[in-house]
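K.L.:
coords please:
(4 chains)
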4 protein chains.
Amino acid sequence: MTEKTETAPGWLAPEELESMRERLPILYVDAVPVRLDDTGIVTHVGLLLRIGSDGTVSRALVSGRVLHNERVRDALLRHLEKDLGPVALPHIPASPQPFTVAEYFPTPGVTPYHDARQHAVSLAYIVPVAGDCRPRQDALDLVWFTPEEAASPMVQQEMTGGQGVLLKQALAHVGRLY
Amino acid sequence: MTEKTETAPGWLAPEELESMRERLPILYVDAVPVRLDDTGIVTHVGLLLRIGSDGTVSRALVSGRVLHNERVRDALLRHLEKDLGPVALPHIPASPQPFTVAEYFPTPGVTPYHDARQHAVSLAYIVPVAGDCRPRQDALDLVWFTPEEAASPMVQQEMTGGQGVLLKQALAHVGRLY
Amino acid sequence: MTEKTETAPGWLAPEELESMRERLPILYVDAVPVRLDDTGIVTHVGLLLRIGSDGTVSRALVSGRVLHNERVRDALLRHLEKDLGPVALPHIPASPQPFTVAEYFPTPGVTPYHDARQHAVSLAYIVPVAGDCRPRQDALDLVWFTPEEAASPMVQQEMTGGQGVLLKQALAHVGRLY
Amino acid sequence: MTEKTETAPGWLAPEELESMRERLPILYVDAVPVRLDDTGIVTHVGLLLRIGSDGTVSRALVSGRVLHNERVRDALLRHLEKDLGPVALPHIPASPQPFTVAEYFPTPGVTPYHDARQHAVSLAYIVPVAGDCRPRQDALDLVWFTPEEAASPMVQQEMTGGQGVLLKQALAHVGRLY
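P.N.:
Numbering: from 1, shown residues only, chains lettered A, B, ... in the order given. Okay, the predicted model is just below:
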């Protein structure tokens, strides 16, 4: 999960956030952008292409922090707009129930999810996207994969921190993991 | 749940269906049509206004049988189009997981759901509807209620067979039952 | 899904059931028996070892039909007791919401699930089992696998009709598919 | 949600926690303790009787903070043991998926949940309890209510911060809200 520039009211100076990350679990959202056909079948999954500070290429879900006094659904919408652009038309779920909760620990192996910087607890949602996606900021590109491709070793090994596992859980939840 | 005229391949003559209803649980779907705001909050719930064979007025969810060799999501789409018209633009859920399962028994009191004609087991889904609704067939009208109105005694008493309870479960699932 | 001898009130003569199977979707339940540690983590998954009429060995979930006028939770309990014995102490879920719905079609490829005999729609539940399991009837044995073993190609290829896919969905739902 | 004395590794001095509460959403768990019959039907819901610092009596769910480097399921178990005693035998759910997410805001009205001290985001779980409950610490007593009693105005008005709404959502999820 790459941290992004934050300017909303709940914004924290980097050193403040750093100090809190050692003391409290940090609340995140993960969104799996999907394309649906008319009957609701997931035909494609969207993954962000990112280049890390060390030059490594990785694929990532839309992901980010929930700010102080921000609703979870507003955080979802904010991160989706930031990563997919203003005309992606994401369909934020009606129910606040996530399909799973991903617990990213600084120590690898406690759960399948790992974040060296912090203990993050992420509410994970599947979000149908109806419009045009124009990635912005640090995301280089958004690529749509079929469910089969998304679960393939090639794509899985380009995902980090356990997001490949989270993606497979999303595919299982929509009946598209074989 | 009012039975509707069926002409799809899985169609059964009335006397055939009648005989099977005494022997097997019949698979149904219930759909709760909703309007969402940009953040996914349910602002309105759509209820069909029906007039029964005895002249009584009732409010109903979109509901109907799953046919032989028909996928659940195709049954959902078929019943929504039949009741809301061809330009309702329902968003069929990506996940086959229903928010609950309503078991309608011919004997009242076994569950909160009752159907004098049969033992029906219904998979219940919340379905956002984005387009214009033009009720057809035996539905007189579709009326949009706020969540508060939908849970009120006035609307609840106009719903039959336990569908008022099912509606309250749907509102609870989307965080809109108070 | 192997059909088992039925003697409950909703029992049907084989020829009656046969005729209905060509006309209506048949309602089933699938149960994934699991062992949990004190914190609710799934440590093992129980699979039945069955020998088909043609002598082939296969692994199966606990699975069976819901009878007329039988509640889904009573059908779950009945099939678990029939397959795991009287002292298995299954913890039937409090919520009727299945983790998924598996649609077994007579035509392969419509969904990942296939049943040559019928169109069966199965509500799938994860059921913690606390007692001793003593398989009866046509089940030869119950074997407990770790989540890693259960998702392995060796076990997956011994499962038929798409139940291997359903098992992986169950593992994903409890956060144990990697 | 009453804060309880914390001595685990993730413990924070009160002034540290106070300062973070103004900057970040704080992660909580809410547990609804239930008694089940053999078929999984919820027969009773357990509510804690608390006396606030101002002498007012209130009913509460089991609730508390998730500590740094603590898994959600360990936090659930810790708070249940703290509030219900060491032999309550809670069945922590196999799936990390909460039945809902309750967002407690310091400003009333943003959501149905309110916490004057902080912005808390709580993962809510239904937890079957099989053993004897012996409330400890600041909880005076644990009282078991039928689902009908739990949803009644008398009990609802004794719950604060929106936990009455959360309790009704739990009852709806298990099919016991009428």
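K.L.:
Confirm that A:V155 sits in a helix.
P.N.:
Yes - A:V155: assigned to a helix according to DSSP: H, G, I helix; E, B strand; the rest coil.
K.L.:
Could you check how far it is from A:P147?
P.N.:
As judged by CB to CB, to the nearest Å, A:V155 and A:P147 stand 11 Å apart. Backbone N, C-alpha and C define where each C-beta goes, glycine included.
K.L.:
again, but for A:H79
P.N.:
Distance of A:H79 to A:P147, computed by CB to CB: 23 Å.
K.L.:
and the longest helix seen in chain A, what's its mean pLDDT?
P.N.:
As assigned by DSSP state H, the longest helix anywhere in chain A is helix A:72-84. Helix A:72-84 carries an average pLDDT of 96.
K.L.:
Skip ahead from it and say which helix or strand is next.
P.N.:
strand A:100-105 (DSSP states H and E).
K.L.:
Are that following strand and chain B in contact anywhere?
P.N.:
No - Strand A:100-105 does not reach chain B (CB under 8 Å from any CB of the partner chain); its nearest approach is 11.9 Å.
K.L.:
same for that strand, what does it pack against?
P.N.:
Secondary-structure packing of strand A:100-105 (3 or more CB pairs under 8 Å, 6 or more residues apart in numbering or on different chains; DSSP states H and E): strand A:113-114, strand A:120-128, helix A:163-173.
K.L.:
Please determine whether stretch A:74-93 lies in contact with chain B.
P.N.:
Yes - counting by CB under 8 Å from any CB, chain B has neighbours in stretch A:74-93: A:74, A:76-77, A:91-93.
K.L.:
Next to chain C, which bits of chain A? Give me the list.
P.N.:
Residues of chain A lying near chain C (CB under 8 Å from any CB): A:100, A:111-112, A:165, A:168-169, A:171-173, A:175, A:177-178.
K.L.:
Can you pull out the low-pLDDT segments for chain A?
P.N.:
A:1-10, A:137-139 (pLDDT under 70).
K.L.:
Roughly how far does the nearest residue to A:V129 once chain neighbours are set aside sit from chain D?
P.N.:
Take A:V129 and drop its neighbours on the chain: the residue closest to it by CB to CB, 6 or more residues apart in numbering or on different chains is A:P33, 4.6 Å away. Distance, A:P33 to chain D, using CB to the nearest CB, to the nearest Å: 20 Å.
K.L.:
Which residues are in contact with A:P33?
P.N.:
A:45-46, A:62, A:80, A:84, A:88, A:90, A:127-129, A:133, A:142 (CB atoms under 8 Å, 6 or more residues apart in numbering or on different chains).
K.L.:
Make CSV out of those residues and add neighbour count and distance to B:D54.
P.N.:
Conversion of these to CSV gives the following (neighbours: other CB atoms under 10 Å in any protein chain shown; distance: CB to CB, whole Å):
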residue, neighbour count, distance to B:D54
A:V45, 25, 51
A:G46, 24, 52
A:V62, 28, 53
A:L80, 24, 50
A:L84, 26, 53
A:A88, 21, 50
A:P90, 23, 46
A:V127, 23, 45
A:P128, 20, 42
A:V129, 23, 47
A:C133, 23, 53
A:L142, 20, 56
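K.L.:
in the longest helix of chain A, what's buried?
P.N.:
A:72-80, A:82-84 (16 or more other CB atoms under 10 Å in any protein chain shown).
K.L.:
ok, now stretch A:37-54?
P.N.:
Buried residues in stretch A:37-54 (16+ other CB under 10 Å): A:40-42, A:44-48, A:50.
K.L.:
can you tell me which of those residues are in strands?
P.N.:
Using DSSP state E, the members of the buried residues of stretch A:37-54 that fall in strands are A:42, A:44-48, A:50.
K.L.:
quick check, nearest of those to chain C?
P.N.:
A:V42 (13.3 Å; CB to the nearest CB).
K.L.:
Please tell me I have it right and that closest one contacts A:E148.
P.N.:
No - look at A:V42 against A:E148 with CB atoms under 8 Å: they stay out of range, at 11.2 Å.
K.L.:
who's in contact with A:D38?
P.N.:
Neighbour list for A:D38: B:77, B:92 [criterion: CB under 8 Å, 6+ apart].
K.L.:
Residue of chain A closest to chain C, please.
P.N.:
A:A172 (3.4 Å).
K.L.:
Run a quick neighbour tally on that residue.
P.N.:
26 (other CB atoms under 10 Å in any protein chain shown).
K.L.:
residues in contact with it?
P.N.:
C:168-169, C:171-173, C:177.
K.L.:
Just to check, A:A31 is in contact with A:V72?
P.N.:
No - at 11.0 Å, A:A31 does not count as touching A:V72 under the criterion of CB under 8 Å.
K.L.:
Identify the bridge partners of A:L48.
P.N.:
Note on A:L48: beta-bridge partners A:A60, A:L142, judged by DSSP bridges.
K.L.:
Quick check: it vs A:S58, distance?
P.N.:
9 Å.
K.L.:
before we move on, back to that, can you name the two of the residues of stretch A:74-93 next to chain B that are farthest apart?
P.N.:
Greatest spacing in the residues of stretch A:74-93 next to chain B, by CB to CB: A:D74 and A:H91 (14.9 Å).
K.L.:
Please identify which of the helices and strands packed on strand A:100-105 is closest to A:L12.
P.N.:
Taking CB to CB, strand A:120-128 is the member of these nearest to A:L12, at 14.5 Å.
K.L.:
angle of that closest one against strand A:42-51?
P.N.:
130 degrees (axes from the mean of the first three to the mean of the last three CA atoms, to 10 degrees).
K.L.:
what about stretch A:115-135, start to end distance?
P.N.:
23 Å (CA to CA, to the nearest Å).
K.L.:
in that stretch, what's buried?
P.N.:
For stretch A:115-135, the neighbour count (16+ other CB under 10 Å) marks A:115, A:118-129, A:133, A:135 as buried.
K.L.:
ok, now stretch A:95-112?
P.N.:
So for stretch A:95-112, counting by 16+ other CB under 10 Å, buried means A:95-106, A:111-112.
K.L.:
Centre of the chain to that stretch, how far?
P.N.:
12 Å (CA atoms, centre = their mean, to the nearest Å).
K.L.:
Stretch A:53-72 too?
P.N.:
Here stretch A:53-72 is found 6 Å from its chain centre; the criterion is CA atoms, centre = their mean.
K.L.:
Tell me the buried residues in it?
P.N.:
Buried residues in stretch A:53-72, counted by 16+ other CB under 10 Å: A:58-72.
K.L.:
what do you get for stretch A:164-178?
P.N.:
Under 16+ other CB under 10 Å, the buried positions of stretch A:164-178 are A:164-177.
K.L.:
thought A:T107 was touching A:Q118?
P.N.:
No - counting by CB under 8 Å, A:T107 stays clear of A:Q118, with 11.4 Å between them.
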